[in-house]
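Trainee: Please find the sequence and the predicted model below.
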Amino acid sequence: MKIASKIYIFLVFAFLYAPIFILILFSFNSTSSTSVFSGFSLQWYKSILEDEATLKALSNTVVLAVCSSLIATVLGTASAVGIDRFKKGPVRSGVMAVTNIPMMNPEIVTGISMMLLFVFVGRLVNSESVLGFGTLLIAHVTFSLPYVILNVLPKLRQTDRNLAEAAQDLGCKPVAAFFKVVLPSIMPGILTGMIMAFTLSLDDFIISYFTSGPGFQTLPIAIFSMTKRRVKPDMYALSALVFVSILVLLILYNIAQTKSEDKNKKKK
Amino acid sequence: MENNIIIDLKNISVSFDGEPILKDLNLYIRDKEFITFLGPSGCGKTTTLRVIAGFIEPDGGDVIFDNKRINDVPPHKRQVNTIFQRYALFPHLNVYENIAFGLRLKKVSNKEIKQTVTDMLALVNLRGFEKRNIQSLSGGQQQRVAIARALAVKPRVLLLDEPLGALDLKLRKDMQNELKNIQQRLGITFIYVTHDQEEALSMSDTIVVMDSGVIQQIGTPLDIYNEPKNAFVADFIGESNILDGIMLDDCLVEFSGHRFECLDKGFAKNEAIDVVVRPEDVDVVEEEKGMVKGEVTSVTFKGVHFETIVDIGGFKWMIQSTDYHEVGKRIGLFIEPDAIHIMKKSAYSGLYGDYSSFSEEFDELSDPEEVEEE
């Protein structure tokens, strides 16, 4: 039995990670062959770092991810605080449903509908090329907002309702009480929400594909357009880099979560 | 009005969503007294506390503090501090910073803060806990930190909202004594909210019994226990046999088909009244010597005494005595004049029956979590 379960686990991990392993392996290949590993080399990494178009796309992606995750975090935290004040009932569940729809909605639908909206508004203001950084930013904030809200809400529910009142009681003005006492206690939720928003923005392809213009390309779109031609191993190198950075973020996310769970355990 | 009144509530009314919570409440609180608001869930005691703290602005009436109307003064400018039900300690700050929180806002010098925190920790017996994380403290220790935090800013009045509700019985008794000690040592006014009558009786100088937004009785613990004003107070504080009776004359009352001498006067002739007899004030005698007689229907051993239920003419009395009388035995009851207390009829008359459906669970049920009183 034990051996069977070990084999099972091995298979699961093999299927999950073999493609990525092979991708990383071949990113170090010294030739451009996709079937034979002929020797270790960093040439593809070198070539990717010298390719200006790709680097531009990379920096676009990072700028977009940073901006959209920051905006989504601020907006999402504010909405979570607002939603939390609703009494349980139809209003609250209604608001929550509206919040969750962007998450459940197929990305392709969100992408196309946003493109339509942007183009429509663009026509209204007589602009031919509305699609660009601005539209991408709006789109990314929109789809990452619910994740921030869903990470902050449970934290708010865990905090003592009287916390802000206690601070006021001790001489704090109401607004200061929120920043001094409530905000720090929901910080773990805000941070995980922000990391999630950042990761989602970083690797989003479908929605970005529809809402970006020729002037502003993100990395996933750049990779996609390159694959339409011949796939070169420098794409492997790039994908490997993206994978590693997302992995690092995920590890950070998990550390943040275990930390806050530890705190809660101690509470009980 | 006698000696220095610190808080005066005048005609306070509060309602939420159209539902009245406090109805025209009048109450004054003397400086340096330990006053307790006692009542069941939803009676408005916590709401009254929050009106004083400033978290609720009353719909009508005046809140007077030190002869000044403070209706419009926000909580952070009032000289009162609150101990919240679940302490509301700041989880991201350690013990020292929690206690220093209010002082830092007052821009007190670091040296002074350090001194005050040390003093406060000594006061609540938590010396050496400065660096501890809030989450690593037990419930009792968190409670102490909450007290230290509130007292550090030197309030004139300390408001305590069921502060001991989350502690176990043993710890609760210890904390009761300690709170009382702290109050006497510091000489500040404590306003204490609880649904636990024992807690109220043992700690308070004055008890305010409340029900459905109305004050039922204000008095010392002894007054409240011995001279309850109506059936609600009699039933809520301690155990009591509440019977219908007729006041035949001054100091002569008839109930349970027998005429009893009593000490109460000033009622109309043949006025219908409520009679209270405390279970511990009844003497059990042989059947033929009893003023009233009946049959024992159940006995519960309580440690200090037996709780005996006796059926007398269909009314089930509760009697507490150290003697054991087995079920089915016929006994007589002897009631001294001073054991009988007469109350005017009120809206509560007849609501509290005899002990026929008596069970321990009823007591437990009467204090569910009283969180969302608003």
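Mentor: Happy to help now that I have it.
Trainee: OK, contacts around residue 242?
Mentor: As the question left the chain open, I've gone with chain A. A:202-203, A:219 (Cβ atoms under 8 Å, 6 or more residues apart in numbering or on different chains). Any C-beta I mention is one placed from the backbone N, CA and C, and that applies to glycine too.
Trainee: wait, chain B
Mentor: B:231, B:234-235, B:274-276, B:352 are the contacts of B:I242 under Cβ under 8 Å, 6+ apart.
Trainee: Surely it forms part of a strand?
Mentor: Yes: applying DSSP: H, G, I helix; E, B strand; the rest coil, one finds B:I242 inside a strand.
Trainee: Next one: it from B:D250, what distance?
Mentor: 22 Å (Cβ to Cβ, to the nearest Å).
Trainee: likewise A:F26?
Mentor: 108 Å.
Trainee: okay, those two: which has more neighbours?
Mentor: Comparing A:F26 with B:D250 by other Cβ atoms under 10 Å in any protein chain shown, the one with more neighbours is A:F26, at 20 against 13.
Trainee: Which helix or strand contains the closest residue to the more buried one other than its chain neighbours?
Mentor: Leaving aside its sequence neighbours, A:F26 sits nearest to A:Y236 (Cβ to Cβ, 6 or more residues apart in numbering or on different chains; 5.2 Å). Assigned by DSSP states H and E, A:Y236 falls within helix A:233-267.
Trainee: What of B:G328?
Mentor: Going by DSSP H and E, B:G328 is not in any helix or strand.
Trainee: Where does B:G245 sit: helix, strand or coil?
Mentor: Classified using three-state DSSP, B:G245 is strand.
Trainee: so who does the closest residue to it other than its chain neighbours touch?
Mentor: Of all residues not flanking B:G245 in the chain, B:F255 sits nearest, at 3.5 Å (Cβ to Cβ, 6+ apart). Counting by Cβ under 8 Å, 6+ apart, B:F255 touches B:243-246, B:275.
Trainee: By neighbours, which of those residues wins?
Mentor: B:V275 (25 neighbours).
Trainee: pretty sure that one is in a strand, no?
Mentor: Yes: the assignment for B:V275 is a strand, going by three-state DSSP.
Trainee: Could you export the contacts of A:V242 as TSV, including neighbour count?
Mentor: Formatted as TSV, those follow (neighbours: other Cβ atoms under 10 Å in any protein chain shown):
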residue	neighbour count
A:L202	22
A:D203	16
A:L219	26
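Trainee: Residue numbers of chain B in contact with chain A?
Mentor: B:53, B:55, B:74-77, B:80-82, B:84-92, B:101-102, B:105-106, B:133, B:135-136, B:149-150, B:153 (Cβ under 8 Å from any Cβ of the partner chain).
Trainee: Spell out the secondary structure type for the residue of the stretch 101-250 of chain B found nearest chain A.
Mentor: Across the stretch 101-250 of chain B, the shortest distance to chain A (Cβ to the nearest Cβ) belongs to B:G102, at 3.5 Å. Local secondary structure at B:G102 is given as helix here, using three-state DSSP.
Trainee: Around it, how many other residues sit close by?
Mentor: Count around B:G102 with other Cβ under 10 Å applied: 26.
Trainee: returning to what we had before: quick one: average pLDDT of the helix holding A:Y236?
Mentor: For helix A:233-267, mean pLDDT rounds to 77.
Trainee: Sketch out the low-pLDDT regions of the stretch 1-150 of chain B for me.
Mentor: B:1-3 (pLDDT under 70).
Trainee: ranges for the helices of chain B?
Mentor: B:45-53, B:95-105, B:110-123, B:139-152, B:169-186, B:197-203, B:221-226, B:231-236, B:360-365 (DSSP state H).
Trainee: Quick check: chain neighbours aside, which residue is closest to B:E97?
Mentor: B:E97 sits nearest to B:F90 (Cβ to Cβ, 6+ apart), 7.5 Å away.
Trainee: now A:V130
Mentor: Nearest to A:V130 is A:G122, by Cβ to Cβ, 6+ apart, at 3.4 Å.
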